[in-house]
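Participant: no sequence on this one, just coordinates:
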């Protein structure tokens with residue numbers, strides 16, 4: 001295991017270091033720094049803990065301006081149990097992206113530097129002592145990253161569930177009040193959110209804006225009346241909440257391309 005200061009880092013060294021066995025990399029930052037990972041640009045922020053998949057080509061673009069450490073280690077160095085293997089082969093390094101990032105407010109800079117000093121002192125006490133301390137140090141970082149990443153995934157899932165629930169409730173309200181109310185503002189007030197929030201949720205869940213979903217309900221209900229009732233077009237326009245028949249005809253034609261009577265005749 002190697003602990004390298006970003007300010008003294010030579011990116012070419014990172015490439016050469018992986019020739020024999022791919023390195024897992026963990027980066028701890030106290031200042032923002034830009035880097036490419038397999039050619040993809042990343043802007044890592046102050047306070048973040050970054051986990052980089054082994055085998056990736058990493059190039060820090062402004063490492064001399066950054067402040068932090070990169071920890072390099074191999075699987076053969078870290079793996080000593082089934083639990084170690086499970087942690088290394090988790091979403092930390094082998095998720096959908098080669099880079100995983102969590103916000104790490106737990107370690108202040110002074111305390112972290114003290115841990116690095118202990119590692120350096122341990123290296124002078126012999127390989128066995130250093131290996132034990134380095135393993136414990138890496139395990140702490142990995143566990144913090146693993147739980148932090150899972151927590152963020154959980155929160156993301158919770159937010160998606162809340163968005164879906166909001167959109168479902170919105171749909172119920174639209175089907176109930178479409179004759180009287182067609183503004184996003186009305187439905188947002190009923191759901192105790194802003195119109196912007198309602199629209200964002202609708203876009204995230206359905207790919208359509210809140211206004212478009214309201215219009216879709218109006219069109220479906222209008223065509224249902226036209227096709228499956230004997231009401232006149234004038235009566236249907238009244239049932240749909242339009243002021244006059246001409247407005248209703250124009251609405252249907254604009255949204256469907258045909259006038260109401262064409263649907264009824266077909």
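Facilitator: Yep, that arrived. Bear in mind the structure is a predicted one, so any value in this text is a computation, not a measurement.
Participant: can you list the domain ranges for the protein.
Facilitator: Following the assignment in automatic domain parsing, the chain carries domains at 2-155, 178-265.
Participant: figure out which of those is closest to residue 171.
Facilitator: domain 178-265 (7.1 Å; C-beta to C-beta). Glycine gets a C-beta too; all of them are placed from N, C-alpha and C.
Participant: can you give me the helices in the stretch 101-250 of the chain?
Facilitator: Secondary structure of the stretch 101-250 of the chain, counting by DSSP state H, counting those that start in this stretch: helices at 109-124, 127-177, 184-191, 195-206, 210-228, 233-239, 245-256.
Participant: nearest residue to residue 239 other than its sequence neighbours?
Facilitator: residue 225 (6.4 Å; C-beta to C-beta, 6 or more residues apart in numbering).
Participant: which residues touch that neighbour?
Facilitator: When contacts are counted by C-beta atoms under 8 Å, 6 or more residues apart in numbering, residue 225 touches 231, 236, 239-240.
Participant: and which of those residues is nearest to residue 104?
Facilitator: Closest to residue 104, out of all of these and judged by C-beta to C-beta, is residue 240, at 56.0 Å.
Participant: and for the nearest residue to that closest one once chain neighbours are set aside, the neighbour number?
Facilitator: With C-beta to C-beta, 6+ apart as the criterion, residue 240 has its nearest non-adjacent residue at 5.7 Å, and that residue is residue 222. When counting by other C-beta atoms under 10 Å, one arrives at 24 neighbours for residue 222.
Participant: my read is that residue 222 contacts residue 252, right?
Facilitator: Yes. Counting by C-beta atoms under 8 Å, residue 222 does reach residue 252; the two are 5.7 Å apart.
Participant: pull up the overlap in contacts between the two.
Facilitator: With C-beta under 8 Å, 6+ apart, residue 222 and residue 252 have common neighbours residue 260.
Participant: residues in contact with the nearest residue to residue 166 once chain neighbours are set aside?
Facilitator: Leaving aside its sequence neighbours, residue 166 sits nearest to residue 201 (C-beta to C-beta, 6+ apart; 5.0 Å). Residues near residue 201 by C-beta under 8 Å, 6+ apart: 163, 166-167, 170, 193.
Participant: run the last query once more with 6 Å
Facilitator: If you count contacts by C-beta atoms under 6 Å, 6 or more residues apart in numbering, residue 201 has them with 163, 166-167.
Participant: in CSV: these, plus neighbour count, distance to residue 95 and pLDDT.
Facilitator: Putting the contacts of residue 201 into CSV (neighbours: other C-beta atoms under 10 Å; distance: C-beta to C-beta, whole Å; pLDDT from 0 to 100) gives the following:
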residue, neighbour count, distance to residue 95, pLDDT
163, 17, 22, 87
166, 20, 28, 90
167, 21, 27, 92
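Participant: export those residues to JSON lines and tack on distance to residue 116?
Facilitator: Output for the contacts of residue 201, formatted as JSON lines (distance: C-beta to C-beta, whole Å):
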{"residue": "163", "distance to residue 116": "42"}
{"residue": "166", "distance to residue 116": "47"}
{"residue": "167", "distance to residue 116": "49"}
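Participant: ok, which of the helices of the stretch 101-250 of the chain comes nearest residue 80?
Facilitator: Of all the helices of the stretch 101-250 of the chain, helix 127-177 comes closest under C-beta to C-beta, at 6.9 Å.
Participant: what's in contact with stretch 162-175?
Facilitator: Outside stretch 162-175, the residues that touch it by C-beta under 6 Å, 6+ apart are 187, 190, 201-202, 204-205, 214, 217.
Participant: run the last query once more with 7 Å
Facilitator: 187, 190-191, 193, 198, 201-202, 204-206, 210, 213-214, 217 (C-beta atoms under 7 Å, 6 or more residues apart in numbering).
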